[in-house]
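Undergrad: need the 3D shape of this:
(one chain, ligands or ions: 1)
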Amino acid sequence: MEKQVILSVHAHPDDEASKGAALIARYSDAGVHAVLVTATGGEAGDILNPAMDTPEVRADLARVRGDELAESVKIIGYDRVEMLGYRDSGMPDSEANQDPGSFARADLDEAAARLARIILEERPQVMLTYPEIQRRYPHPDHLRVHEVSMRARELAADAGFAAEEGEKPHVVAKVYYHVWTPERMRALHAKFLELGKESPYSPEWLEGAEADYEATTKIDIRGYHSRRSAALRAHATQIDPESRNWFGLSDTEAEDAYPTEDLFLAMAPDGYRPEGIETDLFAGL
Ligand SMILES: [Zn+2]
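TA: Predicted structure coming up:
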């Protein structure tokens, strides 16, 4: 059988821990080769954990975040990590946003070519990336991840580009977007209440929560939630260990409330139509 390869494209160190970490841990344990590409060093990130907010950490944030990333990917089980080498663009209208080296300002084809080279080397069947529409958290780098991923897929499939790189073209058969469904938020909220814990979600917020995309695909992550939690904790500057949002439920409670990580199947081989909800990223291949 052909080697199974998943490529995950993320914007900042810590995104690989908050999105899809448990499902990658599961596939990695099953012998699938998992490759992470992180676009930026996360230099513009705030320090969200008060205990880590020291002048030493601030002065050296890019290196600290690099070390955190190395620890996180070891926990999750990624086999290879590549940085695209751009600077964190920060939030819209912030100073970092003006930096010509920032990911949001990078030339689309140049950035996509860097990613396409990794696609040609690794030849993934499956790519996990970010959706075109991201209403809940429209970070410029996260939007750029979508554009660069889609353009890189085109370049890797282009015989001319591949020939320049001395490779055969490669078509990434399936592309998925990470999605946070309102049903997931509601299930977690209900679990907090059931256990008599304070929920990080307000009823008003849940009321207005709308799906940007439906979940077409649900990957069972029971037994793997703890790897996601440990990976998040590895990002000590970014994730407050006291955060109710991340750690208010234990791993078992969270899995019990909502046992899957959800995705939207954005691109699939011609003629492939899953019946009902997909439960395997490699289905139909
Ligand atoms: Zn991010």
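Undergrad: so what pLDDT did M1 get?
TA: Per-residue confidence (pLDDT) for M1: 68.
Undergrad: the one 3 residues further on too?
TA: What the model reports as pLDDT for Q4 is 98.
Undergrad: near the ion, which residues of the stretch 1-150 of the chain?
TA: A11, H12, D15 (C-beta under 5 Å from the ion). C-beta here means a position set from N, CA and C on the backbone, and glycine is covered the same way.
Undergrad: buried residues in stretch 115-123, which are they?
TA: Neighbour-count burial for stretch 115-123 flags L115, A116, R117, I118, I119, L120, E122, R123 (criterion: 16 or more other C-beta atoms under 10 Å).
Undergrad: SS state for the fifth one?
TA: When you say that, I think you mean I119. For I119, the assignment made with DSSP: H, G, I helix; E, B strand; the rest coil gives helix.
Undergrad: restricted to helices, list the residues of the stretch 1-150 of the chain next to the ion.
TA: The members of these that map onto helices under DSSP state H are D15.
Undergrad: just the residues of the stretch 1-150 of the chain next to the ion now: which is nearest L155?
TA: A11 (19.5 Å; C-beta to C-beta).
Undergrad: that closest one touches Q134, doesn't it?
TA: No. Assessed by C-beta atoms under 8 Å, A11 is found out of contact with Q134, at 10.7 Å.
Undergrad: ok, the two, which is more surrounded?
TA: A11 (28 against 17; other C-beta atoms under 10 Å).
Undergrad: average pLDDT for stretch 206-224, rounded please.
TA: Per-residue scores along stretch 206-224 average to 92.
Undergrad: phi, psi of K218?
TA: phi -130, psi 120 (degrees, to the nearest 10).
Undergrad: okay, now the nearest residue to it once chain neighbours are set aside: neighbour count?
TA: Spatial nearest neighbour of K218, chain neighbours left out: T260 (3.8 Å); criterion: C-beta to C-beta, 6 or more residues apart in numbering. For T260, the count of nearby residues is 19 (other C-beta under 10 Å).
Undergrad: beta partners of T260?
TA: Counting by DSSP bridges, T260 is bridged to D220.
Undergrad: residues touching it, list them.
TA: With contacts defined as C-beta atoms under 8 Å, 6 or more residues apart in numbering, T260 is in contact with K218, I219, D220, I221.
Undergrad: can you map out the helices along the stretch 101-250 of the chain?
TA: For the stretch 101-250 of the chain, helices defined by DSSP state H, counting those that start in this stretch occupy the ranges 108-122, 140-157, 159-164, 182-194, 203-208, 225-234, 244-247.
Undergrad: least reliable of those helices going by mean pLDDT?
TA: Among the helices of the stretch 101-250 of the chain, helix 203-208 carries the lowest mean pLDDT, at a mean of 82.
Undergrad: how close does the residue in the stretch 1-150 of the chain that the ion sits nearest to sit to A111?
TA: Residue nearest to the ion within the stretch 1-150 of the chain (C-beta to the ion): H12, separated by 3.7 Å. Taking C-beta to C-beta, to the nearest Å as the measure, H12 falls 15 Å from A111.
Undergrad: who has more neighbours out of the two?
TA: Neighbours were counted for H12 and for A111 using other C-beta under 10 Å; H12 has more, 26 against 22.
Undergrad: neighbours of the nearest residue to that one once chain neighbours are set aside, how many?
TA: Leaving out its chain neighbours, the residue that sits closest to H12 by C-beta to C-beta, 6+ apart is G42, at 4.1 Å. Using other C-beta under 10 Å, G42 has 25 neighbouring residues.
Undergrad: thought G42 was touching D88?
TA: Yes. The criterion here is C-beta under 8 Å, and G42 meets it with D88 at 5.1 Å.
Undergrad: okay, and the common contacts of the two?
TA: Here G42 and D88 have H12 as joint contacts, going by C-beta under 8 Å, 6+ apart.
Undergrad: show me what the helix or strand harbouring K74 is packed against.
TA: Assigned by DSSP states H and E, K74 belongs to helix 61-76. Where contact means 3 or more C-beta pairs under 8 Å, 6 or more residues apart in numbering; DSSP states H and E, helix 61-76 is packed against helix 15-18, helix 21-29, strand 33-40, strand 80-86, helix 225-234.
Undergrad: about what we covered before: list residues touching both of A11 and Q134?
TA: Residues touching both A11 and Q134 (C-beta under 8 Å, 6+ apart): H142.
Undergrad: just the CA trace of the helix holding K74, in CSV.
TA: Below are the C-alpha coordinates for helix 61-76, written out as CSV (Å, rounded to 0.1, in the frame of the first residue of the first chain):
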residue,chain,number,x,y,z
LEU,A,61,9.7,35.4,22.2
ALA,A,62,10.5,33.9,18.8
ARG,A,63,13.0,31.4,20.2
VAL,A,64,10.8,30.5,23.2
ARG,A,65,7.9,29.9,20.9
GLY,A,66,10.1,27.7,18.7
ASP,A,67,11.1,25.6,21.7
GLU,A,68,7.4,25.3,22.7
LEU,A,69,6.5,24.2,19.2
ALA,A,70,9.2,21.5,19.2
GLU,A,71,7.8,20.1,22.5
SER,A,72,4.2,20.2,21.2
VAL,A,73,4.9,18.4,18.0
LYS,A,74,6.8,15.7,19.9
ILE,A,75,3.7,15.1,22.0
ILE,A,76,1.3,15.1,19.1
